[in-house]
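Colleague: this one's structure only:
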């Protein structure tokens, strides 16, 4: 199966490509991006993306390092999204500054963690820190505020070395999907969030 980058992936279970083929596609794309040293822009990340596919990691028993665990699709009933916005108040330098919001939807419950990001175009690394949490039930706020000493972490984020921060190494950014390897070694693929209105039109 050839994965079409010009069309959004379909979230229904019966339309998903086999895990092995999707994983091979991602690993090949990651390898090619490293070879070409392709620059990826933060502007292409801006928007909302739905988590579609993830892999775990496991320690290799006979050699040092981390190997990928078995990949899996997220079930269609579980909605997890990530949203990026650019911070226009800070001038771009070595990196571009912005913000991220990661949301989990479970029925009437919505859990959101958010915080600052910095994106390095040359290395395609995006460092992030979740400093705030928002919890709502039926759109009613149950909690909204800083977490894990978030106020201090947020204030120091842009001065902190990326070596001490969580990050994604993006190797695929298109209009319909984005993919990255996390600091822990696992892979993740997100697809562009499609509004209910657009789905109804199709």
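Modeller: Structure received. All of these numbers come straight from a predicted model, not from anything done at the bench.
Colleague: quick one: pLDDT of residue 70?
Modeller: You'll see residue 70 listed with a pLDDT of 78.
Colleague: From residue 103, how far off is it?
Modeller: Using C-beta to C-beta, to the nearest Å, residue 70 is found at 26 Å from residue 103. All C-beta spots, glycine's among them, are computed from the backbone N, C-alpha and C.
Colleague: What strand or helix carries residue 114?
Modeller: Using DSSP states H and E, residue 114 falls within strand 109-120.
Colleague: on contacts alone, who are the packing partners of that strand?
Modeller: strand 96-106, strand 125-128, strand 132-137, helix 150-156 (3 or more C-beta pairs under 8 Å, 6 or more residues apart in numbering; DSSP states H and E).
Colleague: What are the buried residues along the third one?
Modeller: So the one you mean is strand 132-137. 132-134 (16 or more other C-beta atoms under 10 Å).
Colleague: so it versus strand 96-106, what angle?
Modeller: Orientation of strand 132-137 against strand 96-106 (axes from the mean of the first three to the mean of the last three C-alpha atoms, to 10 degrees) gives an angle of 30 degrees.
Colleague: mind checking how far strand 132-137 is from the chain centre?
Modeller: Relative to its parent chain, strand 132-137 has a centroid offset of 19 Å by C-alpha atoms, centre = their mean, to the nearest Å.
Colleague: as a whole number, average confidence for it?
Modeller: Across strand 132-137, pLDDT averages out at 98.
Colleague: and that strand, what does it pack onto?
Modeller: Here strand 132-137 touches strand 109-120, strand 140-146, going by 3+ C-beta pairs under 8 Å, 6+ apart.
Colleague: Just checking: what are the partner strands of the first one?
Modeller: Looking at strand 109-120 with DSSP bridges, its paired strands and their directions are strand 96-106 (antiparallel), strand 125-128 (antiparallel), strand 132-137 (antiparallel).
Colleague: Before I go, just wanted to say thanks for your time.
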